[in-house]
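In: Quick one: sequence plus predicted model below, questions after.
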Amino acid sequence: MLIQFTVSNFLSFKDEQTFSMVANTGEKDTELLDNVFRSVDDRMSLLRSSVVYGANASGKSNFVKALSFYLGFILASTQSIEQQAIATRPYKLETHYSEKSTKLEAVLEVGDCIYRYGYELTHSEVLREWLYVIEAKKQRKREKLIFERTRAELAAKDSGWKKLMVVTKKNSLLLTVAAQFNLTTAKKIVNYIAAKIMVVSDVQALFSSTTEYLYAIQENGTNLGIIDDVCKLLQAADIAIDGFKIISRDIKKNELPEHVPAAFANFLSALPSESYNFKQVVTTHKQYDSDGKIAGMVNFDMASEESIGTVKLFSMSIPLLMLLRNGGTLIIDELESSLHPLLVRYITGLFNSSLTNPHNAQLIFTTHYDGILNNGMFRRDQIWFAEKGDRGATELYSLLEFRQNKTAVRKDASYDRDYLAGRYGAIPLVSENYLTELHSQVEKYG
């Protein structure tokens, strides 16, 4: 589970900003208690979901990109060659920040332990790297050092880390190297990140991977219940699909149908081979006669004949179902894009309920949709805002932290109305002067 994430000097994040999934629980806490669950550290409760609001260009997507970079670099840092640059993206709105280091750190619950792992780097090298642990089942729950690295220097109690430091390149992470050499703690953390934390920002890529995954299940004839579960998920969202199958097709360059998008045709023409294999998702619908009786079944091509919202929900189906079944964390940029507001409520509700989410999976998403911004769906500690502060830098804060005239937001407040009224910040400031000027010049545009 994700407990906390901290970032500085990455895209629009200038100074250190921290996002937390820790619930603010206490004796007086009565806010949507089903939206929280107990951590392995019994002193702490965690949130099942969190939502991030903000104006366009406020940094919401950059928050998702920062998380994606943090996780991706852990999984792939050893794949680079010795002199290859690290793809950091420092804050650009002040010249001297390009020379500063980027810092990323997360606190994760993995098994019966809580790990605090982070690193600090530049384009050319990892400057610092650290890993601490709280063993939650022990009576004395104090954070203990596992290792701390400063460039090529290492402090660690376990000699295994010290031995592997010798083969760790300056642009790689010791944690990743140690996982490859089967060091138990490192492998446990890296495997958890690979299997249990997923970032969704590119629906097209996710559609392809979901299709490939379901095709393999279909062809192997094992775990076919997963295909039924995807159908049930779509049907529960009132999408009138009776079933689907995935067909493997080989298309020759000179046999492309006329309706194929130009981008896809150009992609095929650039391939060295004369044909391309792709997987087609074919959905099945009831067909009716003139009397409204079922006359048979008809097939649709999902990619071209189903709605964009249907394609998106299908694409997200495997991450949603796997995490709800097994636990983990799902991070989605702009969840509401192409989805009906009721589907956004439906997906959020799946995670916020202990009945549909018995393994305490977490959903973290950005959105502009204010229809779910209410005290019947979210606690104050679940609602976060991204706002452009000084010189375009992103500031992150929760509704629980927000103060107006030193007064906290009441848990029975009208969150959506107050947000749109600008009371919490994190909204676009539209220039009325420009709108007036544009109106006065409308004749220029015919």
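Out: Yep, that arrived.

In: switch to C-alpha atoms for all contacts and neighbour counts from now on
Out: OK.

In: Could I get the full set of helices for the chain?
Out: 60-76, 159-165, 174-180, 184-196, 203-220, 225-236, 262-269, 302-305, 308-326, 341-352, 415-420, 432-440 (DSSP state H).

In: so of the ones you listed, which one's packed in deepest?
Out: Across these, averaging neighbours per residue (mean count of other CA atoms under 10 Å) puts helix 174-180 on top, at a mean of 23.

In: pLDDT (mean, whole number) over that one?
Out: The average pLDDT within helix 174-180 is 96.

In: what does stretch 362-370 give?
Out: Mean pLDDT, stretch 362-370: 93.

In: One more: stretch 412-429?
Out: Across stretch 412-429, the average pLDDT comes to 84.

In: Turn the helices of the chain into CSV, columns for distance to His96.
Out: Putting the helices of the chain into CSV (distance: least, CA to CA, whole Å) gives the following:
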stretch, distance to His96
helix 60-76, 20
helix 159-165, 31
helix 174-180, 28
helix 184-196, 33
helix 203-220, 36
helix 225-236, 50
helix 262-269, 39
helix 302-305, 46
helix 308-326, 40
helix 341-352, 41
helix 415-420, 35
helix 432-440, 33
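
In: for these, which one sits closest to Glu129?
Out: Of all the helices of the chain, it is helix 174-180 that lies closest to Glu129, at 7.8 Å by CA to CA.

In: Okay, now the unreliable bits of the stretch 301-446 of the chain?
Out: By pLDDT under 70, the low-scoring segments of the stretch 301-446 of the chain are 429-446.

In: let's see it at 90
Out: Low-confidence regions of the stretch 301-446 of the chain, defined here as pLDDT under 90, cover residues 301-313, 336-343, 369-371, 389-392, 402-446.

In: Pull the number of nearby residues for the residue lying closest to Asn326 once chain neighbours are set aside.
Out: Spatial nearest neighbour of Asn326, excluding adjacent residues (CA to CA, 6 or more residues apart in numbering): His359 at 6.1 Å. Burial of His359, expressed as a neighbour count using other CA atoms under 10 Å, amounts to 16.

In: Could I get the contacting residues of His359?
Out: 324-327 (CA atoms under 8 Å, 6 or more residues apart in numbering).

In: So what sits opposite the residue nearest to Leu154 when sequence neighbours are not counted in the bridge?
Out: Excluding the flanking residues, the one nearest Leu154 by CA to CA, 6+ apart is Glu148, at 5.8 Å. Beta-bridge partners for Glu148, by DSSP bridges, are Trp130, Ala155.

In: List the contacts of Glu148.
Out: Per CA under 8 Å, 6+ apart, neighbours of Glu148: 128-131, 154-156.

In: From what I see, Met1 and Leu330 are in contact.
Out: No: in this structure, Met1 is not within contact of Leu330 by CA atoms under 8 Å, at 9.9 Å.

In: Give the residues shared as contacts by those two.
Out: Common contacts of Met1 and Leu330 (CA under 8 Å, 6+ apart): 361-362.

In: of those two, who's got more company?
Out: Met1 (25 against 22).

In: what's near enough to touch the more buried one?
Out: Met1 sits next to 108-110, 328-329, 361-362 when contact means CA under 8 Å, 6+ apart.

In: same thing but 7 Å
Out: 108-110, 328-329 (CA atoms under 7 Å, 6 or more residues apart in numbering).

In: With distance to Ala270 as added columns, please give these in CSV.
Out: Putting those into CSV (distance: CA to CA, whole Å) gives the following:
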residue, distance to Ala270
Leu108, 43
Glu109, 45
Val110, 44
Gly328, 39
Thr329, 37
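
In: now for the residues you listed, which pair is the farthest apart?
Out: Pairwise distances across the contacts of Met1 peak at 11.6 Å for Val110 and Thr329 (criterion: CA to CA).

In: what about the two, which has more around it?
Out: The neighbour comparison of Val110 against Thr329 (other CA under 10 Å) goes to Thr329, with 24 against 18.

In: wait, the more buried one sits on Gln362?
Out: Yes: in this structure, Thr329 is within contact of Gln362 by CA atoms under 7 Å, at 4.6 Å.

In: Against Met297, how distant is Ile241?
Out: 11 Å (CA to CA, to the nearest Å).

In: Please apply the same query to Ser8.
Out: Counting by CA to CA - Ser8 and Met297 are separated by 55 Å.

In: Who has more neighbours out of the two?
Out: Ser8 (23 against 11).

In: got a list of what that one touches?
Out: By CA under 7 Å, 6+ apart, the contact list for Ser8 reads 14-17, 102-104.

In: Okay, buried residues for the longest strand seen in the chain please.
Out: Ranked by residue count under DSSP state E, the longest strand found in the chain is strand 275-288. Residues of strand 275-288 classed as buried under the neighbour-count rule (16 or more other CA atoms under 10 Å) are 275, 280-284.

In: would you turn those into a markdown table with distance to Asn56?
Out: Formatted as a markdown table, the buried residues of strand 275-288 follow (distance: CA to CA, whole Å):
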| residue | distance to Asn56 |
| --- | --- |
| Ser275 | 41 |
| Gln280 | 35 |
| Val281 | 34 |
| Val282 | 36 |
| Thr283 | 35 |
| Thr284 | 38 |
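
In: Quick one: residues in contact with stretch 111-129.
Out: 40, 85-88, 101-109, 130-137, 148-151, 170-172.

In: please redo it, this time with the cut-off set to 8 Å
Out: Under CA under 8 Å, 6+ apart, the answer for stretch 111-129 is 40-41, 83-88, 99-109, 130-137, 148-151, 170-174.

In: What sits closest to Ala408 if chain neighbours are left out?
Out: Leaving aside its sequence neighbours, Ala408 sits nearest to Phe402 (CA to CA, 6+ apart; 6.3 Å).

In: need the contact list for that neighbour.
Out: By CA under 8 Å, 6+ apart, the neighbours of Phe402 are 408-409, 424.

In: which of those lies closest to Leu234?
Out: For these, the nearest to Leu234 is Tyr424 (35.5 Å; CA to CA).

In: can you count the residues close to the closest one?
Out: Tyr424 has 19 neighbouring residues, counting by other CA under 10 Å.

In: in this protein, which residue is closest to the centre?
Out: Ile331 (1.9 Å; CA atoms, centre = their mean).

In: is it true that that one touches Met316?
Out: No: assessed by CA under 8 Å, Ile331 is found out of contact with Met316, at 11.1 Å.
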